[in-house]
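Student: Kindly return the folded structure for what I paste below:
(3 chains)
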Amino acid sequence: MLPIPLSWWLTVSAALFSIGVFGALSRRNAIGILMGIELVLNAVNVNLVAFWRYVIPANVEGQIFALIVISVAAAEAAVGLAIVIAVYRRRHSAAVEELDILKH
Amino acid sequence: MDALRLLTPEITITIFAFAIISLDIAWNDENKSRRILPWLAFAGGLATLLMIFYIWPHVDQYNYTAATDAGREVPMLAVDRMSLFFKMIAVLTVILVGLSAGEYVEKHTPFRGEFYGLMLLAGLSIMLLVSSTNLIMIYLALEFLSITSYILTGFLRRDARSIEAALKYFLYGALASGVMLYGFSLLYGATGSVDLATIAGSLETTQAGLVVAAVILMLAGFGFKIALVPFHQWSPDAYEGAPTPITAFLSVGPKAAGLAVLIRVMVVALPAFDVNWTPILSLVAIFTMSVGNLVALWQTNMKRMLAYSSIAQAGYMLVGLAAWSAAPPSAVAYLGGVDAIMLFLLAYMFTNLGVFAIAIILENQMGTSEIADYAGLIRRSPYLSVALLIFFLSLVGIPPTSGFIGKLFVFGAAVNQGLYVLALFGVFNSVISVAYYFGVLRNVFFEKGSDESPIRVGVAMNTVVTITVVMTLLIALYGQPFIQLAADSAQILAANF
Amino acid sequence: MPIDYLPILIMLLVAIVMAVVSLAMPHMLGPKIFNKAKQETIESGKLNYGDARRRVPVQYYMVAMLFILFDVEVLFLYPYAVLFWDLKWFGLVQAGIFVLLLVESYVYVWKKGVLNWE
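Tutor: From the prediction side, this is the model:
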C-alpha cells in the first residue's frame, strides 16, 4: 500500500495551480507571469504522475503525458522569453502594463 | 491502404516545410534562387491539397474500431471525413494567405524562408489537431499551433506593435493552455485514460464533480483558441498588431481548429456524461455574437473591426453546436448541426480571407489599415470596391452570397431543435452587424478620399481576390455540391491509429 | 518498532558531533590572521570582479534557452532506448527522423549565427 494518500498529492497540485494562476494574474512583469504559468504546468505534472501511480499504474500514459508537458513547456518558455527580449529591446521594460500601443 | 498512407497530407506538408527552411539556410541572402521559396510553399500547399483529395474516397473503408483496451496501443489520430474537411480548410487557408502575403513579406521582413516554413507548419499543426482523438495529441497539436502562431504574430520583431501583440497573445495563450491542461489531468485521473473513446466509456461510472471541473477548464482552453467570449480579450490586440497576412490566418485557421477539436471532444467523449450542454453552449454563443458585434460598432481600424467581426462569426458557428447538443442522443453519431457549422466555416473562410486580401493590398499601398483611409476607394479601384461589397454582404448574410447559405443552415439547425430564442438572437445580431460593415462601405463608395491615385494589384493578389469572390458567390448560387460536401463530412470516427 | 531506529539516531548524533568538533577545533586552536585575500568570497580560485546584480549579455540567454531546448528534447530518447529492441527497424527509422529534425534545428541555429558571441 502506498503510504501517502492520493488526496495529499492532489492538494499539493491544487495549491501549486492556484499559486500559479494567482501569480500569472497579479504579476506585472512578463517574466513573473511566465513563472506563474510554469507553476501551473508543474501542478499538472504532479497531477498526472500521481494519477498514474494511484489510479492506473499499469498504463504509462500519465508518465508519457508528463514528459511531453515538460518538453512543450520548455519550448513555450523559450518562445515566450524570446518575445520578452524583443519587447525589452524596443521598450526597455518588461512590465506588461506599459504595453499600451494597441488600443484597449 | 495502410496507416502511413492515410497520413500522406501531413507528411507532404512537413517535407515541404523543412525543405523551405533548409533551402533558406543553405542559400545566403544575396542568392537569387531564394525567390522560389514562396512558390515552393505554394506548391507544398497544392500537393497537400491533392493528397487530401486522394485519400478522401478511401476513408470510410477504414473505420478501425478504437483500441480501447489498456494495452500498449494508444490511438492518437482519426482520419475521418470531418478531419479531412477541416484539413482542407486549413490547407486552403495556408495557400490563400501564402499567396496574398508575398508583397507584404517582401516589404517588411528579411526572414522569408522562416515565414513560409512556419506558415506550412502552422497548417500542419491544424491538420494534426483536427484529427486528434487523444488528450496527449490534442495538447501537443494545440501547443504546436499556439507556438507557431505566437512566432508569426511577433514576426516583425522591430515593429513595436507586432511584438506587443505577440506578448499579449503569448501570455493569455500560455495561461489558457495551462488551465486547459489542468483540466486534462483531472479528466485523466477521473477516467483513467487519455483516449477520448475510452473516456466516453468510463464517464458513467466516475464522480461527476471532478469531470465537471475538468470540462470547464478544458472549455477555457478551446474557447481561447476560437476566441469565444469571455476568452476573447487577446484577439483584438493580436489581430491589430500582427502582420496583416497573419491576422488573416489567425481569423480562420486557429478558429477552425479549435472548433473541430471542441466538436470532437463533445461528440466522442462527452455524450455519455449526463449534463445538458445546450444552455451553456447557447449562452456562450449569445454572448460571443453580441459582444463581437456591439464592440465592432465602435472600431476605427479595419483589422480591429475584423477581429470583433470574426468573434461574432465564431458565435454563429457555436449556434450550430448548440443545435447538435439539443438533439436527442439517439444514433451512434447524430451530427445534425455539425454539417451546418462546416458549411458556414467554408463560406466564412473564403469571405474573410477575401476581405483580408483587400486589407493587405490597401495596406501595401497606403501603409495603414484605418477605415477612414478607405474613403473614395471606388474611384481608385472599382474592382476591389465591388469585391468588398460582396464580402461584406456575405459576412452579414444577405443573398446571393455564401454567408447567407451558411447562416441559413446554422440558424435552421437551431430552429429544427426548437432553439427559437437562440436563432432569434443570431438574426438580430446579423442586423446589428449591418451597421459597421456598411460604415466601411459608405466610406468606400460615398466619401471623397484625399488620394485619388489608382490602386495597383499584383497577379497573386488578383488571383486571391478573384478566387474568393467567385467562391463566395458560387457557394450561394450553385450550392448543392457544397451542401452535399458538408453533409458527407459530418462523420466522426473515434480513432484510427 | 522505535528501537529499530536506534542506529539512525546514533548515526545522527555522530554526524552532529563530527560537524561541531571539526568546525570548533580550528576555531579554538588555529592562529587567526585576517587579510584581504582571506576575506574574499571563494570563487574556485578565480579572482572576483563586480557585483552579482549586473546585466548579463543577452547572448547568454540565447545559449541558455537553446541548451534547455535541446536538453529536454533528448528526453524523448529515453523511452525509445528502453524499447529499442522491441521497436525493431521501424523504431530506428522513427528515432532517426527525430534526430534528423533536431540536427536540422541545430544547423539552423548555427547558420543564423546565434552561437557567435560577437
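
Student: tell me the helices in the chain, going along the chain?
Tutor: Since you didn't name a chain, this refers to chain A. Ranges of helices within chain A are A:6-26, A:30-54, A:61-91, based on DSSP state H.

Student: meant chain C actually
Tutor: Counting by DSSP H, one finds helices in chain C at the ranges C:6-29, C:36-39, C:58-74, C:77-82, C:84-111.

Student: same for the longest one, what does it pack against?
Tutor: It stands for helix C:84-111. Judged by 3 or more Cβ pairs under 8 Å, 6 or more residues apart in numbering or on different chains; DSSP states H and E, the packing partners of helix C:84-111 are helix B:8-26, helix C:58-74, helix C:77-82. For every residue, glycine as well, the C-beta is placed using N, CA and C.

Student: Would you mind getting the angle between that helix and helix C:58-74?
Tutor: 160 degrees (axes from the mean of the first three to the mean of the last three Cα atoms, to 10 degrees).

Student: Helix C:84-111 vs helix B:8-26, what angle?
Tutor: 40 degrees.

Student: Buried residues of helix C:84-111, list them for me.
Tutor: C:95, C:102, C:105, C:108-109 (16 or more other Cβ atoms under 10 Å in any protein chain shown).

Student: With pLDDT and distance to residue B:76 added, can I get the residues you listed in a markdown table?
Tutor: Listed next are the buried residues of helix C:84-111 as a markdown table, based on pLDDT from 0 to 100; distance: Cβ to Cβ, whole Å:
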| residue | pLDDT | distance to residue B:76 |
| --- | --- | --- |
| C:95 | 91 | 17 |
| C:102 | 91 | 21 |
| C:105 | 90 | 23 |
| C:108 | 91 | 27 |
| C:109 | 90 | 29 |
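
Student: Tell me the one of those nearest chain B?
Tutor: Using Cβ to the nearest Cβ, residue C:108 is the member of the buried residues of helix C:84-111 that lies nearest chain B, at 5.5 Å.

Student: can you tell me which residues contact the closest residue to the closest one other than its chain neighbours?
Tutor: Using Cβ to Cβ, 6 or more residues apart in numbering or on different chains and skipping the chain neighbours, the partner closest in space to residue C:108 is residue B:25 (5.5 Å). Contact analysis of residue B:25 by Cβ atoms under 8 Å, 6 or more residues apart in numbering or on different chains lists B:113, C:107-108, C:111-112.

Student: can you list the weak-confidence ranges in the stretch 251-400 of chain B?
Tutor: Where the stretch 251-400 of chain B drops to pLDDT under 70, the residues are B:272, B:274, B:328-334.

Student: 90 - rerun?
Tutor: Scanning the stretch 251-400 of chain B for pLDDT under 90 picks out B:264-280, B:323-339, B:365-369, B:372-377, B:379, B:399-400.

Student: Get me the contact residues on it for chain A.
Tutor: B:301, B:304 (Cβ under 8 Å from any Cβ of the partner chain).

Student: What is the neighbour count of residue B:465?
Tutor: 23 (other Cβ atoms under 10 Å in any protein chain shown).

Student: hang on, the earlier thing: kindly indicate which of the contacts of residue B:25 lies nearest chain A.
Tutor: The closest of the contacts of residue B:25 to chain A turns out to be residue C:112 (Cβ to the nearest Cβ; 12.6 Å).

Student: What does that closest one show for phi and psi?
Tutor: Backbone torsions for residue C:112, taken as degrees, to the nearest 10, come to phi -80, psi 0.

Student: Report the contact partners of it.
Tutor: Counted by Cβ under 8 Å, 6+ apart, residue C:112 has contacts residue B:25.

Student: Repeat that for residue B:476.
Tutor: B:394, B:399-402, B:404-405.

Student: do residue B:95 as well
Tutor: Going by Cβ under 8 Å, 6+ apart, residue B:95 touches B:42, B:45-46, B:49.

Student: Serialize the residues you listed to a markdown table and add fields for neighbour count.
Tutor: Below are those laid out as a markdown table (neighbours: other Cβ atoms under 10 Å in any protein chain shown):
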| residue | neighbour count |
| --- | --- |
| B:42 | 19 |
| B:45 | 27 |
| B:46 | 14 |
| B:49 | 19 |
